[in-house]
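Colleague: Fold the following.
(2 chains)
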Amino acid sequence: MRWAERDIVLAAFSTGLAIAVYGVVFGVVAGPGWGSWRAILASALIYSGSAQFAAAQLLAQGGGAGAVISAAAILNARNVVLGAVLRSRVRDGPVRRSGVAFLMDDESFGLAMASARSAVKVVLGAGAIFFVAWVGGTAIGAFAGSGSVLFADAATAMFPVLFVGLAAISVEGRAGLVRTVAAGTGTLGLVYAFPSVRDFVPVAAAVAVSLLGGRR
Amino acid sequence: MSWWLLLVLAVLTYASRAAGLALLPAPPKRLERLLARIPAPLFAGFVALSLVSPDRSAASVPVLGATAGALCVVPTRSFPIVLVGGMAGYAIASALT
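Modeller: A predicted model of the protein is given here:
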């Protein structure tokens, strides 16, 4: 069972709204130290919330370039796995896949995997919405300042809701349900126990449970 | 944030996305079956990740409420309903705190 186009469009716009709010928060955090235009350009070129927030935090604490690059490398490592999973649903050539790769983040990947439509079209469509939301939000935050982050907590709530929905639609069979619950609870425990490697945990747990459980 | 560091981060991030999607060949059937199992557990992991902060504290009560509300209507397998469930959970938890 996969989501219909209507559900994907609704999910893309509601998630885009939450991403815009997060972009505002990033603009507020990074704008004063980096300069407004540099913060906006960072969102447009890097286009990775986790890597950008980590860089802002490390630089604000006096961290050097080596620490920032190492953190970004660690945070981005999971993209390799997401790309490999998405690759199994993409038949386009390498040039088109290279273009699609820029817009592949956790959310566009999730919608592409849940959609009955072409994965490439979903990543491009939803990814474009998310990109505009992220860069536009950064611009608002960088220029408007801290008065613009009133809805940050509500935006935070959007992400687990989105992924609950994506998990629900992606589960297939009883074995799949068991693996999904195991990955969720396992991640919860491991993230709490090992906060320094928290960004690796979901991918590691998902790969681990996927290796178990026979042929289905 | 210097310009060169910004560019390094941009290249690094793009390379990580392109490595799996653009550079790898299509996976063999057996690996494809394994990869097809990953999304749902991965999404469940992302849910869990959003519920614990880097400092090990739990997410805010409204965020937990939104997650609980969404989980309650999971059997419908409908995103609009999951969204409404999440919003209702968020509103109820916000009202109670």
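
Colleague: rest of the way, CA atoms for contacts and neighbours
Modeller: OK.

Colleague: can whichever helix in chain A runs longest be found next to chain B?
Modeller: Longest helix of chain A, by residue count under DSSP state H: helix A:5-34. Yes. Applying CA under 8 Å from any CA of the partner chain, one finds helix A:5-34 in contact with chain B at A:Asp7, A:Leu10, A:Ala11, A:Trp34.

Colleague: what sits against the spatially most central residue of chain A?
Modeller: Residue closest to the average C-alpha location in chain A (CA atoms, centre = their mean): A:Asp106, at 3.1 Å. Taking CA atoms under 8 Å, 6 or more residues apart in numbering or on different chains as the contact definition, A:Asp106 lies against A:Leu82.

Colleague: thinking A:Gly176 is in contact with B:Ala36, fair?
Modeller: No. The pair A:Gly176 / B:Ala36 is not scored as a contact, 10.5 Å apart, by CA atoms under 8 Å.

Colleague: So which elements touch the longest helix of chain A?
Modeller: Judged by 3 or more CA pairs under 8 Å, 6 or more residues apart in numbering or on different chains; DSSP states H and E, helix A:5-34 is in contact with helix A:36-45, helix A:49-60, helix A:106-114, helix A:119-144, helix A:152-170, helix B:79-96.

Colleague: Could you rerun that using 7 Å?
Modeller: helix A:36-45, helix A:119-144, helix A:152-170 (3 or more CA pairs under 7 Å, 6 or more residues apart in numbering or on different chains; DSSP states H and E).

Colleague: Now B:His14. Nearest residue, chain neighbours left out?
Modeller: Slight slip there: residue B:14 is Tyr, not His. Closest residue in space to B:Tyr14, ignoring its immediate chain neighbours: A:Phe102 at 5.9 Å, by CA to CA, 6 or more residues apart in numbering or on different chains.

Colleague: Going by the annotation, which residue ranges form each domain of chain A?
Modeller: Using automatic domain parsing, the domain ranges for chain A come out as A:5-148, A:160-216.

Colleague: Does at least one residue of the last one sit close to chain B?
Modeller: When you say that, I think you mean domain A:160-216. Yes. Counting by CA under 7 Å from any CA of the partner chain, chain B has neighbours in domain A:160-216: A:160-161, A:163-171, A:179-180, A:183-184, A:187-188, A:191-192, A:195, A:202-203, A:206-207, A:210-211.

Colleague: What is the burial count for B:Cys72?
Modeller: When neighbours are counted by other CA atoms under 10 Å in any protein chain shown, B:Cys72 registers 14.

Colleague: Now do the same contact list for it.
Modeller: By CA atoms under 7 Å, 6 or more residues apart in numbering or on different chains, the contact set of B:Cys72 is empty.

Colleague: hmm, which helix or strand of chain A has the shakiest average pLDDT?
Modeller: Across the helices and strands of chain A, mean pLDDT, DSSP states H and E gives its lowest value to helix A:152-170, namely a mean of 81.

Colleague: Past whatever helix or strand B:Arg30 lives in, which element shows up next along the chain?
Modeller: If you go by DSSP states H and E, B:Arg30 is part of helix B:29-37. Per DSSP H and E, the first helix or strand lying C-terminal to helix B:29-37 is helix B:39-51.

Colleague: Quickly check: that following helix near chain A or not.
Modeller: Yes. Helix B:39-51 reaches chain A (CA under 7 Å from any CA) through B:Pro39, B:Ala40, B:Pro41, B:Leu42, B:Phe43, B:Ala44, B:Gly45, B:Phe46, B:Val47, B:Ala48, B:Leu49, B:Ser50.

Colleague: and which of those is nearest A:Ile40?
Modeller: Using CA to CA, B:Ser50 comes nearest to A:Ile40 of the residues of helix B:39-51 next to chain A, at 25.0 Å.

Colleague: For the closest one, which non-adjacent residue is closest in space?
Modeller: A:Pro160 (6.1 Å).

Colleague: Assess the claim that the one you found and B:Val47 are in contact.
Modeller: Yes. The pair A:Pro160 and B:Val47 qualifies as a contact (CA atoms under 7 Å) at a distance of 4.6 Å.
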